[in-house]
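# Quick one: sequence and predicted model below, then my questions.
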Amino acid sequence: MSEPSTSVVPTTRPSGALAPGASVAGAPATVAGVTGRPAVVAGQPGTVDPRATLKSNDACWCGSGRKYKRCHKAADSGPGGQRGLSNVDLGGHGGRDLVQRGRAGGRSSVATAAAGLLTRASEARRVRPGTQSPRRAVPAEIARPDYAITGRPGRGPGKMVKTPEELARLRRACRAAAEVLAETGRAVAPGVTTDALDAICHQAYIARGGYPSTLNYHGYPKSLCTSVNEVICHGIPDSRALEDGDIVNLDVTIFLDGMHGDTNATFGVGNVDAASQRLVEVTRECLDLAIAAVGPDVPLNQIGRAIQGHAEANGFGVVRAFVGHGIGDTFHMAPQVPHYYDPAATTRVQPGWVFTIEPMITMGTWRHRLWDDEWTAVTADHLRTAQFEHTILVTDDGAEVLTVIDADVVGGAEVVTPA
Ligand code: MF3
Ligand code: CO
Ligand code: CO
């Protein structure tokens, strides 16, 4: 995904995508990258929240059909501002709220001690950076994108309507990405390090004659993104071993035949608690609903509307800082695809466009923080988050998912079932 930005020019940081109007921390707000970069989150100082223009009697942005004043208005303007967008009903979620209330109010010493234990327990469970392995090599005969040496993607033509010849190459790249995701996903198990997954993924790209699109993209050091538990996206594979009960997103992008194919899925590790399973399930449903909403002349904002409506109906939040993106010979290009309802995203998609949809859904806040590595995005409240991604083609009567495995190629191999 990428962080949203206001332009179509590639930004300095790759991420799935940025939300429109969002800017990447430490990156110029003028960066045009469609994905992979952090954007400034709408609603924060210096950015414009489209909902600020909604009048009380307008239809609510969430698609409920109710007037704004009877729907999300109070939540949007309440404490925490946009927090109400996705989490208005989530009070008391987990131990953190308890701890916060404990601090604010005059609690008994027993309650205070309990809150302290809860805090320490949840902090102990947080994902921490491990050690990264040396950079993996790519055989010289494999064709690579421009940034493989420099770390800086040039501005490709970034043509949005693909020709039949370009589409043929995109289909191959996307199919290969789906295969690599399935192959890497089969290795997910307790005790396996995310670096071991990166090694498997790296070899799987090469076996297909492809280059790992993320490798040196804006300097990203690995061939795969591994995002565990509270990590929203762009987790860097390292020495951390997966633990029983974790959820892990594997985000695979291959550069093959001059085209990028981008897909990801969230997998359960061992025995996953019911709440996390539900998060993963709803996230996958959000992607399915979003794809179903796509068709010729459909405004981009209908994608986010479908996602946000379903996520919030289930009590979950939608990350705004990273957006879906156009893709082709350029990894991240226009259009930007917000995963929340953005009334301003009125551009109508056209047959021949190829872009990703990659919603990141949270158990709590949709706000994120970046680790010091300037890649790893985590939820600000450290509650879990899940993501699924497909690269899709807009057709004359809907959308076609390109990142699927061709049964003929794989011979009916078992498709990994994400958590
Ligand atoms: N695959 C991610 C996306 O969905 C982008 C990862 S770029 C990286 O757009 F540099 F962070 F790896
Ligand atoms: Co993407
Ligand atoms: Co991706």
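Nice, thanks for sending it over. All values reported here derive from a predicted model rather than from experimental measurement. Ligands and ions are numbered 1, 2, ... in the order given.

# Quick one: neighbours of the residue nearest to Asn314 when sequence neighbours are not counted, just the number.
Residue nearest to Asn314 in three dimensions, not counting chain neighbours: Val282, with 4.7 Å by Cβ to Cβ, 6 or more residues apart in numbering. C-beta coordinates here come from the backbone N, C-alpha and C atoms, glycine included. For Val282, the count of nearby residues is 18 (other Cβ atoms under 10 Å).

# Assumed Val282 was part of a helix.
Yes. The assignment for Val282 is a helix, going by DSSP: H, G, I helix; E, B strand; the rest coil.

# isn't it right up against Phe316?
Yes. If you go by Cβ atoms under 8 Å, Val282 and Phe316 touch, sitting 6.0 Å apart.

# anything in contact with each of the two?
Common contacts of Val282 and Phe316 (Cβ atoms under 8 Å, 6 or more residues apart in numbering): Ile361.

# What residues does the stretch 301-419 of the chain have near ligand 3?
Proximity of the stretch 301-419 of the chain to ligand 3, by Cβ under 5 Å from the ion, involves residues Glu389.

# who touches the closest residue to ligand 3 within the stretch 301-419 of the chain in this structure?
Closest residue of the stretch 301-419 of the chain to ligand 3, Cβ to the ion: Glu389 (4.9 Å). By Cβ under 8 Å, 6+ apart, Glu389 lies in contact with 1, 16, 251, 262-265, 287, 324, 356-358, 403.

# Please name the residues that touch the closest residue to Ala293 other than its chain neighbours.
Spatial nearest neighbour of Ala293, excluding adjacent residues (Cβ to Cβ, 6+ apart): Ala306 at 4.4 Å. Ala306 sits next to Gly63, Cys286, Leu289, Ala290, Ala292, Ala293 when contact means Cβ under 8 Å, 6+ apart.

# most neighbours, which of the residues you listed?
Among the contacts of Ala306, Cys286 has more neighbours than the rest - 29 neighbours, counting by other Cβ under 10 Å.

# before we move on, back to that, count residues in the vicinity of the nearest residue to the residue of the stretch 301-419 of the chain closest to ligand 3 once chain neighbours are set aside, would you?
Nearest residue to Glu389, sequence neighbours excluded (Cβ to Cβ, 6+ apart): Glu358, at 3.4 Å. Using other Cβ under 10 Å, the number of residues around Glu358 comes to 31.

# Could you measure from Glu358 over to Lys222?
18 Å (Cβ to Cβ, to the nearest Å).

# now do Ala177
Relative to Lys222, and taking Cβ to Cβ, Ala177 is found at 16 Å.

# Between these two, which has more neighbouring residues?
Ala177 (33 against 26).

# all helices for this protein, in order.
73-77, 83-87, 94-104, 109-124, 147-150, 164-185, 194-207, 274-292, 301-313, 407-410 (DSSP state H).

# Mind putting those into CSV with mean pLDDT and distance to Ala380?
Converted to CSV, the helices of the chain look like this (pLDDT from 0 to 100; distance: least, Cβ to Cβ, whole Å):
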stretch, mean pLDDT, distance to Ala380
helix 73-77, 62, 18
helix 83-87, 29, 10
helix 94-104, 31, 10
helix 109-124, 88, 13
helix 147-150, 97, 30
helix 164-185, 98, 28
helix 194-207, 98, 22
helix 274-292, 98, 17
helix 301-313, 98, 17
helix 407-410, 52, 40
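
# any chance of those in TSV, with distance to His368 too?
Listed next are the helices of the chain as TSV, based on distance: least, Cβ to Cβ, whole Å:
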stretch	distance to His368
helix 73-77	19
helix 83-87	13
helix 94-104	16
helix 109-124	18
helix 147-150	24
helix 164-185	23
helix 194-207	19
helix 274-292	16
helix 301-313	16
helix 407-410	35
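
# and of these, who's closest to Ile232?
Between Ile232 and the helices of the chain, the tightest spacing by Cβ to Cβ is seen for helix 274-292, at 11.5 Å.

# returning to what we had before: give me the pLDDT for the residue of the stretch 301-419 of the chain closest to ligand 3.
Note on Glu389: pLDDT of 98.

# hey, what's it bridged with?
Asn264 (DSSP bridges).

# how much space is there between it and ligand 2?
Using Cβ to the ion, to the nearest Å, one gets 5 Å for the distance from Glu389 to ligand 2.

# distance of that residue from Ala265?
8 Å.

# same question, Thr193
19 Å.
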